[in-house]
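>>> For reference, the sequence and a predicted model appear below.
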Amino acid sequence: EPLNTFSRLLLHNAKQIPNRPAFREKYLGIWQITTWRENLNQVQAFACGLSTLGFEKGMHLAVIGDNRPRLYQAILAAQTLGGVPVPLYQDAAAREMIHVLTDSNIQFAVVEDQEQVDKLLEIKDEVPNLHTIIYEDPKGLSDYVQHFLHSFSQVQQSGEVFAFEHPEYFITQALEREPDEVSILLYTSGTTGKSKGVAHTHQNFIRAGRHSCTFDNLTCDDDMVAYLPMAWVGDHLFSFALALTAGLT
């Protein structure tokens, strides 16, 4: 099978280098490791959970927060279902987000924490199609009772039940993806007017990732620090495309 979509690359890495670290994230001073096999399992659970919430092919999913493994997993999950992730700058004020959220017709959002949830709640009335918000870090959110709010863990749990009942669903979705499908929508900086969404395909970024890996001799034995804003094209190349094409950490 040609490795020409991010979904196929994820399956490939989980099979070829299952025990190599896909992510290392420091928590309370200790590096927490997610292997490529664990990464696949977690992406599958989240993708299936998104499905149970009504996410389907062609829908757009906002991703807002700092560089966190689960936010990169949300991008992969959306891509596998044929949806389009749309990362936003996490330091933008709430009102600054309205244009991108409405312009890209966002219905689902995966955000990092209470700060980002509060921003979306502030502008939700002006983003009429946004109906589901999923947060990664539950700290401070236990008193929030909105029916459209879900924790990342909750979504994964319902996804695990769904995957158990529909064991072929995720792999079928993954293998249905085509290299010329739009894999991400990245917005321009908007310095000369309204920010514009630029549609990229799987093959576009995978080709760029392969060239970069060849040029820098990157392999699955390499580590890369993810620190650039996830909404920037550079981060999507370095922290996402390179990681999946080389299988690096």
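Yes, it's here. What you see is a predicted model; the values in this text were computed from it and never measured.
>>> could you pull out the helices for the protein?
Ranges of helices in the chain, per DSSP state H, are 6-16, 36-52, 69-80, 94-103, 114-123, 152-165, 169-176, 202-216, 233-235, 242-246.
>>> who touches the fifth one?
Right, helix 114-123. For helix 114-123, the external contacting residues (Cβ atoms under 8 Å, 6 or more residues apart in numbering) are 64-65, 90, 93-95, 97-98, 101, 109, 111, 127, 130, 133, 135, 137, 139-141, 144, 146, 149. All C-beta atoms are positioned from the backbone trio N, CA, C, and that covers glycine.
>>> Look up how far residue 82 lies from residue 172.
11 Å (Cβ to Cβ, to the nearest Å).
>>> Which of those two has more residues huddled nearby?
residue 82 (20 against 10; other Cβ atoms under 10 Å).
>>> if I pick the more buried one, what's in contact with it?
Residue 82 neighbours (Cβ under 8 Å, 6+ apart): 56, 57, 58, 173, 176, 177, 181.
>>> Quick check on those: which are buried?
Buried by 16 or more other Cβ atoms under 10 Å: 173, 177, 181, out of these.
>>> Just the pLDDT for the first one.
Translated: residue 173. You'll see residue 173 listed with a pLDDT of 98.
>>> closest to residue 222 among the contacts of residue 82?
For those, the closest approach to residue 222 (Cβ to Cβ) belongs to residue 177, at 26.1 Å.
>>> Test my guess that that closest one contacts residue 9.
No: the pair residue 177 / residue 9 is not scored as a contact, 10.7 Å apart, by Cβ atoms under 8 Å.
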